[in-house]
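Asks: Pasting the sequence and the predicted coordinates here, then a few questions.
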Amino acid sequence: MEPIYLDHAATTPLDQEVIDTMYPVYKEVFGNPSSIHSFGRKARFFVDQARRVMAKSIHANEREIVFTSGGTEADNMAMIGTAKYTNNSGKHIITSVQEHHAILHTAQKLEKEGYDVTYLPVYENGKISMEDLENSLRPDTFLVSIMAANNETGVIQPVKEIGDLLRDHPAYFHTDAVQLFGLMELNVHEMGIDLLTVSSHKINGPKGIGFIYIGENVKIDPLQFGGEQERKRRPGTENVVSVVGFQKAVELAMDYREDRKNLYQSYKDLFLEKLRNNNINFRINGEYESTIPSIINISFPGTNVEALLTNFDLSGIAASSGSACTAGSVEPSHVLSAMYGVDNDRTVNSIRFSFGSHNTKENVIEAAERVTKIVHRLTS
């Protein structure tokens, strides 16, 4: 039985062109980019070239790009870095209840240190309300952090509207764009974004590398201390091989963005069509028209997450859920709990399917057939 991967929102396979680009660097480029000799200058060339590519992908300046170990570190930099710098002039942060835990857990840490955090609600469509945001703004609000697209539902947030609202407010606007980057156009200046997070392994690049965009007017304290790399904002010798792989993944994402967008959307539509044709009882979580092309979150009434995921895995299907599954118990998805209420059955019977480069039309159809058999068996 051929395994079928429908969990691209968790991570993506390395593109062969990325592997081919990284391999010569492993062999030939070992210098420290901070060294002034020829070996160091050669490594520095690759890092600088990659930084220009990252900047161009979001219409930024290369000086505004800081390489990180991934999305989690970048999110932490955005929140803690701005908090520490503005400690005496602002104590209020606005985020939402459905953010990635890299944001939520950081916000909770800052609350323990005396910061005031407002967690905006999300509604059944999966979105925050601009009215809620506007009403929550205070003179001492120094940061608004709202993700671009949710990692569980794929629902896109009103990023540009948030940026426009904050143009006349001193608060910085941070968005975690990990799921949206590579599928949708991002222009940090037009969208009013001050800080933006991207992760390589979500776009068929290597793990352990990402970047944060920090606008030139944004003041931020570093989280670590040591050398003066990354314009003194993140010390440590740069991971040149991964930076080069990340660069190639970004180039491919930009070159084939529309193709990928249309292809992944076609997979998602096909998957849903097959479920409907097979008379599966299901509900889509969030406003379908507002989701990114690669993610769909589906509730299967009369089932539960543990049984679904176990049976999917046994049938060779890799999917996931926002629920934390342990032996004998299920902790409901915090995202779906925020959308529908903690007692709603959607919080414990929903699965995220995410499409990408490991899929074909044929294996999407096959996946739908396997899911059909499992759901019918569990609900019969």
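Replies: All right, it came through fine.
Asks: Test for you: state the pLDDT assigned to K261.
Replies: Here, the pLDDT recorded for K261 equals 98.
Asks: So which bits of the host helix or strand of it are buried?
Replies: K261 is part of helix 257-277, with elements assigned from DSSP states H and E. By neighbour count on 16 or more other C-beta atoms under 10 Å, the buried set for helix 257-277 is 257, 260-261, 263-265, 267-268, 270-272, 274-275. For every residue, glycine as well, the C-beta is placed using N, CA and C.
Asks: Need the CA coordinates for that helix. PDB is fine.
Replies: Output in PDB follows, covering the C-alpha atoms of helix 257-277 (Å, rounded to 0.1, in the frame of the first residue of the first chain):
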ATOM      1  CA  ARG A 257       3.800  30.400  -7.000                       C
ATOM      2  CA  GLU A 258       0.800  30.700  -9.300                       C
ATOM      3  CA  ASP A 259       1.300  27.100 -10.600                       C
ATOM      4  CA  ARG A 260       1.600  25.700  -7.100                       C
ATOM      5  CA  LYS A 261      -1.400  27.800  -5.900                       C
ATOM      6  CA  ASN A 262      -3.600  26.500  -8.700                       C
ATOM      7  CA  LEU A 263      -2.300  22.900  -8.400                       C
ATOM      8  CA  TYR A 264      -2.800  22.700  -4.600                       C
ATOM      9  CA  GLN A 265      -6.300  24.200  -4.900                       C
ATOM     10  CA  SER A 266      -7.200  21.700  -7.500                       C
ATOM     11  CA  TYR A 267      -6.100  18.900  -5.200                       C
ATOM     12  CA  LYS A 268      -8.200  20.300  -2.300                       C
ATOM     13  CA  ASP A 269     -11.300  20.700  -4.500                       C
ATOM     14  CA  LEU A 270     -10.800  17.200  -5.900                       C
ATOM     15  CA  PHE A 271     -10.500  15.700  -2.400                       C
ATOM     16  CA  LEU A 272     -13.700  17.400  -1.200                       C
ATOM     17  CA  GLU A 273     -15.500  16.400  -4.400                       C
ATOM     18  CA  LYS A 274     -14.700  12.700  -3.900                       C
ATOM     19  CA  LEU A 275     -15.800  12.800  -0.300                       C
ATOM     20  CA  ARG A 276     -19.200  14.400  -1.300                       C
ATOM     21  CA  ASN A 277     -19.600  11.800  -4.100                       C
END
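Asks: For that helix, which helices and strands make contact with it?
Replies: strand 295-299, helix 361-379 (3 or more C-beta pairs under 8 Å, 6 or more residues apart in numbering; DSSP states H and E).
Asks: now the buried residues of helix 257-277 in CSV, with distance to V188?
Replies: Formatted as CSV, the buried residues of helix 257-277 follow (distance: C-beta to C-beta, whole Å):
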residue, distance to V188
R257, 17
R260, 21
K261, 20
L263, 26
Y264, 24
Q265, 25
Y267, 29
K268, 28
L270, 34
F271, 33
L272, 33
K274, 39
L275, 38
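Asks: Does N239 touch F67 like I think?
Replies: Yes. The pair N239 / F67 is scored as a contact, 7.5 Å apart, by C-beta atoms under 8 Å.
Asks: Show me which of the two is the more surrounded one.
Replies: F67 (25 against 17; other C-beta atoms under 10 Å).
Asks: quick one: contacts for K91?
Replies: Residues counted as contacts of K91 (C-beta atoms under 8 Å, 6 or more residues apart in numbering) are 114-116, 140, 142.
Asks: Could you pull out the helices in the stretch 151-300 of the chain for me?
Replies: 159-166, 240-255, 257-277 (DSSP state H, counting those that start in this stretch).
Asks: Let me know the secondary structure of Y119.
Replies: strand (DSSP: H, G, I helix; E, B strand; the rest coil).
Asks: what's the closest non-adjacent residue to it?
Replies: Distances taken as C-beta to C-beta, 6 or more residues apart in numbering put V97 closest to Y119, at 4.7 Å, once the chain neighbours are dropped.
Asks: Single out the most deeply packed of the helices and strands packed on helix 257-277.
Replies: strand 295-299 (a mean of 24; mean count of other C-beta atoms under 10 Å).
Asks: got the contact list for that one?
Replies: 9, 149, 151-154, 179, 268, 271-272, 275, 282-286, 288, 336, 345-346, 349-355.
Asks: ok, 6 Å please
Replies: 9, 152-154, 268, 282-283, 285, 346, 349-354 (C-beta atoms under 6 Å, 6 or more residues apart in numbering).
Asks: quick revisit: tabulate the helices and strands packed on helix 257-277 (CSV), appending mean pLDDT and distance to Q49.
Replies: Shown next, in CSV, are the helices and strands packed on helix 257-277 (pLDDT from 0 to 100; distance: least, C-beta to C-beta, whole Å):
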stretch, mean pLDDT, distance to Q49
strand 295-299, 98, 32
helix 361-379, 97, 36
